[in-house]
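Novice: Just need the structure, nothing else, for what follows:
(one chain, ligands or ions: 2)
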Amino acid sequence: MTIPTEIEALVEVTLTLIGAYLAATWICLIVWTVRDARARTTDVVVQILSGLLVLLFNLPGLILYIILRPAETVEESSLRRQRLAALADARAFHCGSCQAPVDSSYAFCPRCRSVLLNLCPQCQRPVRREWNGCPACGAAVHVTGSG
Ligand SMILES: [Zn+2]
Ligand SMILES: [Zn+2]
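Specialist: Ligands and ions are numbered 1, 2, ... in the order given. A predicted model of the protein is given here:
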């Protein structure tokens, strides 16, 4: 028995379309993977390997990539680092004269030797120079000029 030429042609066209569709999907997956890898790492080798993974293994490769990829994007991790740095910055004390980071217990700046702590005139506790009042007794602390 012979297959009519029309049906043969139809099957051929259908298979070509399906093949083109699958190829397009595959290429899209590779492009997406490489873009995603670029967002998550600056390591070019990892980016190429991620693309190769999907190129060679297609969908299972993509699933493998999603499992293995870095949890956060480069943008996210730099944002997190910025927030942590800002938080640490807010906690750290700085010398009022030279902006050097100083410990809250320092009485003098180790870099420029300017006075960091004064004594409260009422309770004699150490009070930081930039404070206007004593945190222990509430007394007003008069800010004295430098020198
Ligand atoms: Zn200083
Ligand atoms: Zn006081």
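Novice: The helix or strand of the chain with the lowest mean pLDDT close to ligand 1?
Specialist: One helix or strand of the chain scores below all others by mean pLDDT, DSSP states H and E: strand 93-94, with a mean of 79. No - between strand 93-94 and ligand 1, judged by CB under 5 Å from the ion, nothing touches; the nearest distance is 8.3 Å. Every C-beta, even on glycine, is put in place using the N, C-alpha and C of the backbone.
Novice: which element follows that strand toward the C-terminus?
Specialist: Using DSSP states H and E, the helix or strand that directly follows strand 93-94 along the chain is strand 101-102.
Novice: mind listing what's buried in the next helix or strand after that next one?
Specialist: The first helix or strand that comes after strand 101-102 along the chain, using DSSP H and E, is strand 117-119. Of all the residues in strand 117-119, those buried under the rule 16 or more other CB atoms under 10 Å are Asn118.
Novice: got the contact list for strand 117-119?
Specialist: With contacts defined as CB atoms under 8 Å, 6 or more residues apart in numbering, strand 117-119 is touched by 106-108, 125-129, 141, 144.
Novice: Can you pull the domain assignment for this structure?
Specialist: Listed by automatic domain parsing, the domain ranges of the chain are 5-77, 92-147.
Novice: Of those domains, which shows the lowest average pLDDT?
Specialist: Mean pLDDT is lowest for domain 92-147 among those, at a mean of 82.
Novice: Relative to Ser114, how far out is Cys134?
Specialist: Using CB to CB, to the nearest Å, Cys134 is found at 20 Å from Ser114.
Novice: before we move on, what about Asp103?
Specialist: Applying CB to CB to Asp103 and Ser114 gives a distance of 15 Å.
Novice: gap between the nearest residue to Thr42 once chain neighbours are set aside and Leu64?
Specialist: With sequence-adjacent residues excluded and distances taken as CB to CB, 6 or more residues apart in numbering, Thr42 is closest to Val74, at 6.2 Å. Val74 is 21 Å from Leu64, where distance means CB to CB.
Novice: How about Glu6?
Specialist: Distance of Glu6 to Leu64, given as CB to CB: 43 Å.
Novice: can you pull the buried residues of the longest helix anywhere in the chain?
Specialist: When the chain is parsed with DSSP state H, its longest helix is helix 5-40. Neighbour-count burial for helix 5-40 flags 29-30, 33-34, 36-40 (criterion: 16+ other CB under 10 Å).
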